[in-house]
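> Dropping a prediction and its sequence here:
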Amino acid sequence: MRISTRIAMLTLMLLSLEELARAENWLQGQVLENHGGTNKPAAGAQVWIVNVGNPYLTKADGGYRVLVPDAYRVGQTIVLYVKRKGWAIATPVGGKVELNKDLTSDILLSPETSSEFLSPAQLDKLLESLPEKLKSLVKPDGKEGDADPA
């Protein structure tokens with residue numbers, strides 16, 4: 001009887017340890033910088049979940065992992081923030097990540113001054129400031145023209 005009691009206690013302890021190991025959910029992926037179409041690892045960037053805190057530094061390969069609180073489940077959306085001077089999150093848009101069962105998400109950064117972050121009003125204002133000759137070269141269909149600003 002003592003042996004069966006010990007086996008039962010050992011089994012309960014192992015199940016408890018397994019539950020503890022499962023309780024920690026880590027979102028992981030890679031943070032990359034967009035250098036004109038070439039992506040490079042963003043080593044040393046800070047990544048965290050907004051309203052949760054606990055920033056983690058990316059590794060040399062841009063790899064990161066952040067602890068996802070137990071309150072969040074697969075299918076829910078969290079918002080990530082990456083702190084890197086001169087860079088902002090391009091994708092996922094707004095840093096919004098829907099948690100998948102694998103708990104993985106890569107992050108692409110673009111320079112803060114990139115035109116992809118301009119609002120339509122800001123883009124219009126930028127175009128208005130261009131000289132007339134340059135404006136005429138901007139085509140709505142995106143086809144190239146001969147650019148001669150002189």
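Here it is on my side, so go on. Numbers count the residues shown, from 1 in each chain.
> what's around the closest residue to residue 98 other than its chain neighbours, how many residues?
Computed as C-beta to C-beta, 6 or more residues apart in numbering, the closest residue to residue 98 that is not its neighbour in sequence is residue 77, at 5.1 Å. C-beta here means a position set from N, CA and C on the backbone, and glycine is covered the same way. Residues lying near residue 77 (other C-beta atoms under 10 Å) number 11.
> So in this protein, which strand runs the longest?
For the chain, the strand with the greatest residue count under DSSP state E is strand 25-35.
> List the contacts of that strand.
Contacts of strand 25-35 from elsewhere in the structure, counted by C-beta atoms under 8 Å, 6 or more residues apart in numbering, are 39-42, 45, 47, 49, 58, 61-68, 70, 72, 78, 80, 82, 84, 87, 90, 97, 99, 103-111.
> Write the PyMOL selection for whichever of those residues are buried.
Filtering these down to the buried ones (16 or more other C-beta atoms under 10 Å) takes a single PyMOL command:
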select buried, resi 41+42+45+47+49+58+62+64+66+68+72+78+80+82+84+87+90+97+99+103+105+106+107+108+109+110+111
